[in-house]
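Participant: what shape does this take:
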Amino acid sequence: MHRTDRAPIRSTGRERLTITAIVLAFVGVLVVWASLQPMFGSPDEIAHWDAAVQVAMGHGWPDPAHLRLLAATRAAQAEGMSFLQTDRPTLEALLAAAPGNGSTNQMTQHPPTWYAMAAGLLHLIGYMQLRWDVDLFALRLMNVAVLSTLPLVVWAAVRRVTRSPRTALVAAASLLLIPQVGFIGSSATNDTPVIILGAVVVWLVCRVLTGDRGVPTLVALALATSAAVAFKATALPLVPFAVIAVIVAGSGWSRWLRGAVVLVVPVVTTSWWWVRNVLVFHTLQPAGLPQSIQRTEFPPGEGPDLGGFVNTEWNRVTNSFWGQYGLLQYPSSPIVIAVLSVVAIGVVLVWGFRRGSRRTAWLLALLPLFTLVAGLQNNWSTYLRTTTIGGIQGRYYFVLVGVLAVLSAIAWRRFVRVEQDRRRLGRTVVVVAALMTVYGWSVAYRGYYEAFHLKVTWSGLRTLTHLTPIGREGFALVVGVALLLLAVAVALTLSALRTPRVLAAEPATGTPVVPVAPVADERATAARVDDDRASAAHVDDERATAAHVDDERAVGAVDDERATARPADPAVDRAASWPSADDQPTRVSTVDRGEPQPDHRPVL
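Facilitator: Sure, this is the predicted structure:
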């Protein structure tokens, strides 16, 4: 039967304040990353910067492997690690002092979208008359603005699926567990818009999977996928993922029409670049460097080493996903990387796909599956062609940040079932995430300015403050504000997790909700009630009843607790609930109002 959309849950002022604090702290962290790393201090930033400047200068967008780096770009790279920021010339003076071109710039293998955005900003600020490092810093800040709403998008997606405000807040704060996202996202790179658009697509898919059949959501999903594939090939798996989700979540012939919309809009609007590549170069994305085009044979008697390939993939992806700074030469501790990788992946694989939310989880897991297969196929084919295992970086999987957050929320809620333990886990994650961010800063600082020694010296600090485009006072201000915002966000989130009051108000419809959960797995009795759970008929926006209302239950968050609440009306066989994240057949009760009660069950 037709599945209705979930009733929206009004957020309270406390929840809105907390997520706002998390977003502001995230922005502060990004600005520190933009200020901490030296000029051209992140992977391929020199090529991204050079390509953006050349577009601004009107040099166009030649075929792959035909764009040459400006000689002025190499001169800027040399100055960036030796000149004080006050001694650096304007871009106009730099171009005059170092005319001509040099080696190949591989960035024309990508669509020109981000570079056109960057060129527009450069023209807006009068880039020729500014110091060249100020121009580069402006592009970094542009990406900071683009990525700034990532915690908000993740919060909305997790909240939609789990119906748990607390879980959503923890998920938003947990983004700080991946310092590499901030490091890459705040540099001058075309990866940044793919990160945020990937999360937006996941949020919209979560809405579709939980019953949102509205035309605005469908149109937004089609436009978000179109925008994402206009930036980079790593966004291409978003298209089949969105199409399949729309078709599976729908019903009747209309789902095929809706799926066609999500497929056709990107193909017509932004996929022309990839179609052109196939027609002209006979490949989806041509190699950008000459050495990547040349074919090399394996030595006689030798061939591709599958075990070595898999081992290299795992080590390079995990290291550069969590935290490997500079030009990937300053890694975090292997112990930290191993623990984060094993725990994060293990919990999702073991608890993320169990009965209840299996359908939602499997549909969401299609995006990581498509992305992983595409990445492995591309890297393996390059290995066979060149005998070199290359093109392996964790940032190519940052398009998955949003979906990994949702899958992790589902899995951890199944793994930890007792409400008090969930709160303890949430507080631990928030604190560890903040510490992980500070740890990431320390690793990058020691790599850039202390020769990777475990120390902080006046010489290193002086070098940093001399090289950063914002100067000593500016850097001190940025770090101080970021630490303050981070502390406030942590304090507010911990307070929200500690309070016994509900975080969210009743659904906007105002219909009383009596939460229940299926008992197939746990055989819970109808008399058992958690100390934080009560009927929403006795709950207002900010008060808990004597039964210690659980905020997630009070707003109809029927998740994986496997317990039931005793119906208030003995004539009713089972109390009704809002549709749960587990895709269980549920009902919205209208018995109390004397209205007929239709049966809206999900299409499985």
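Participant: and the residue nearest the centre of the chain, how close does it get to Gly480?
Facilitator: Centrality entry for the chain: nearest residue to the mean C-alpha point is Val401, 3.1 Å, by C-alpha atoms, centre = their mean. According to C-beta to C-beta, to the nearest Å, Val401 stands 28 Å off from Gly480. C-beta coordinates here come from the backbone N, C-alpha and C atoms, glycine included.
Participant: how about Ser254?
Facilitator: On the measure of C-beta to C-beta, Ser254 and Gly480 end up 55 Å apart.
Participant: kindly report the same for Leu169.
Facilitator: From Leu169 to Gly480 the distance is 25 Å (C-beta to C-beta).
Participant: kindly report the same for Arg14.
Facilitator: Where Gly480 is concerned, Arg14 sits at a distance of 26 Å (C-beta to C-beta).
Participant: got phi/psi on Arg213?
Facilitator: When read as degrees, to the nearest 10, the backbone of Arg213 gives phi -100, psi 10.
Participant: in this structure, which helix is the longest?
Facilitator: Determined from DSSP state H, the single longest helix within the chain is helix 419-449.
Participant: show me the shaky parts of the stretch 251-400 of the chain.
Facilitator: 290-293, 356-357 (pLDDT under 70).
Participant: and the strands in it?
Facilitator: Using DSSP state E, counting those that start in this stretch, the strands of the stretch 251-400 of the chain run over 324-325, 330-331.
Participant: list the helices and strands the first one packs on?
Facilitator: The one in question is strand 324-325. On a contact count with 3 or more C-beta pairs under 8 Å, 6 or more residues apart in numbering; DSSP states H and E, strand 324-325 meets helix 179-185, strand 330-331, helix 419-449.
Participant: hang on, the earlier thing: and Arg14 and Gly480? Which one has more around it.
Facilitator: Arg14 (18 against 11; other C-beta atoms under 10 Å).
Participant: and the more buried one, helix, strand or coil?
Facilitator: helix (DSSP: H, G, I helix; E, B strand; the rest coil).
Participant: now it: how far from Thr428?
Facilitator: Arg14 is 21 Å from Thr428, by C-beta to C-beta.
Participant: ok, back up a step: buried set for the longest helix of the chain?
Facilitator: 419, 422-423, 425-427, 429-430, 432-434, 436-437, 439-441, 443-449 (16 or more other C-beta atoms under 10 Å).
Participant: go on, stretch 265-281?
Facilitator: Val265, Pro266, Thr270, Ser271, Trp273, Trp274, Asn277.
Participant: quick check: end-to-end length of that stretch?
Facilitator: From its first residue to its last, stretch 265-281 covers 24 Å (C-alpha to C-alpha, to the nearest Å).
Participant: list the contacts of that stretch.
Facilitator: Outside stretch 265-281, the residues that touch it by C-beta atoms under 8 Å, 6 or more residues apart in numbering are 64, 111, 222-223, 225-227, 229-230, 233, 236, 239, 283-286.
Participant: next up, the contacts around Ala235.
Facilitator: Val194, Leu197, Gly198, Thr225, Ala228, Val229, Val399.
Participant: for it, give me the pLDDT.
Facilitator: pLDDT recorded at Ala235 is 96.
Participant: if we can go back for a sec, next SSE after the longest helix of the chain?
Facilitator: Toward the C-terminus, helix 419-449 is succeeded by helix 458-467 as the next helix or strand (DSSP states H and E).
Participant: shaky segments in the chain?
Facilitator: Ranges of the chain meeting pLDDT under 70: 1-8, 80-83, 290-293, 356-357, 500-604.
Participant: can we see that at 50?
Facilitator: 1-3, 502, 505-604 (pLDDT under 50).
Participant: ranges for the helices of the stretch 101-250 of the chain?
Facilitator: Assigned by DSSP state H, counting those that start in this stretch, the stretch 101-250 of the chain shows helices spanning 113-124, 132-147, 150-162, 165-173, 179-185, 191-209, 215-229, 238-249.
Participant: helix 113-124 and the second one, what's the angle between them?
Facilitator: Counting by axes from the mean of the first three to the mean of the last three C-alpha atoms, to 10 degrees, helix 132-147 points 130 degrees away from the direction of helix 113-124.
Participant: using CSV, write out every CA atom in helix 132-147.
Facilitator: Provided in CSV are the C-alpha atoms of helix 132-147 (Å, rounded to 0.1, in the frame of the first residue of the first chain):
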residue,chain,number,x,y,z
TRP,A,132,49.3,36.2,-4.8
ASP,A,133,49.0,34.4,-1.4
VAL,A,134,46.0,36.5,-0.5
ASP,A,135,44.4,35.3,-3.8
LEU,A,136,45.1,31.7,-2.8
PHE,A,137,43.8,32.3,0.7
ALA,A,138,40.6,33.7,-0.8
LEU,A,139,40.0,30.5,-2.7
ARG,A,140,40.5,28.5,0.5
LEU,A,141,37.9,30.7,2.2
MET,A,142,35.6,30.1,-0.7
ASN,A,143,35.8,26.4,-0.1
VAL,A,144,35.3,27.0,3.7
ALA,A,145,32.0,28.7,2.9
VAL,A,146,31.0,25.9,0.5
LEU,A,147,31.7,23.2,3.1
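Participant: by contact count, what packs against that helix?
Facilitator: helix 13-36, helix 45-56, helix 71-80, helix 91-97, helix 113-124, helix 179-185, helix 191-209.
Participant: okay, the angle between the last one and helix 132-147?
Facilitator: Using the same axes, to 10 degrees, one finds that helix 191-209 and helix 132-147 are set 0 degrees apart in direction.
Participant: now Asn190: phi and psi?
Facilitator: phi -90, psi 0.
Participant: run a quick neighbour tally on the spatially closest residue to it that is not a sequence neighbour.
Facilitator: In space, and not counting its chain neighbours, Asn190 is closest to Trp114: 3.8 Å by C-beta to C-beta, 6 or more residues apart in numbering. Trp114 sits with 28 neighbouring residues when counted by other C-beta under 10 Å.
Participant: wait, Trp114 touches Val194, no?
Facilitator: No. Look at Trp114 against Val194 with C-beta atoms under 8 Å: they stay out of range, at 9.0 Å.
Participant: give the contact list for Leu328.
Facilitator: Residues counted as contacts of Leu328 (C-beta under 8 Å, 6+ apart) are Pro43, Asn319, Ser320, Gln393.
Participant: how close does it get to Ala482?
Facilitator: Distance, Leu328 to Ala482, by C-beta to C-beta: 24 Å.
Participant: ditto for Leu70
Facilitator: 33 Å.
Participant: one more: Cys206?
Facilitator: For Cys206 relative to Ala482 (C-beta to C-beta), the value is 30 Å.
Participant: likewise for Ala491?
Facilitator: Taking C-beta to C-beta, one finds Ala491 at 15 Å from Ala482.
Participant: and stretch 131-140, how far from the chain's centre?
Facilitator: Computed by C-alpha atoms, centre = their mean, to the nearest Å, the chain-centroid distance of stretch 131-140 equals 25 Å.
Participant: cool, and stretch 297-314?
Facilitator: 32 Å.
Participant: could I have that stretch exported to CSV, CA atoms only?
Facilitator: The C-alpha coordinates for stretch 297-314 follow below in CSV (Å, rounded to 0.1, in the frame of the first residue of the first chain):
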residue,chain,number,x,y,z
GLU,A,297,55.0,-3.7,-19.7
PHE,A,298,55.8,-5.8,-16.6
PRO,A,299,59.3,-7.3,-16.6
PRO,A,300,59.5,-10.8,-18.1
GLY,A,301,58.2,-13.4,-15.7
GLU,A,302,56.4,-10.9,-13.6
GLY,A,303,52.9,-9.7,-13.5
PRO,A,304,50.4,-7.7,-11.4
ASP,A,305,50.5,-8.5,-7.7
LEU,A,306,46.9,-8.7,-6.5
GLY,A,307,47.9,-9.0,-2.8
GLY,A,308,50.3,-6.1,-3.0
PHE,A,309,47.6,-4.1,-4.8
VAL,A,310,45.0,-4.7,-2.1
ASN,A,311,47.5,-4.0,0.7
THR,A,312,48.5,-0.7,-0.9
GLU,A,313,44.9,0.3,-1.5
TRP,A,314,44.0,-0.3,2.2
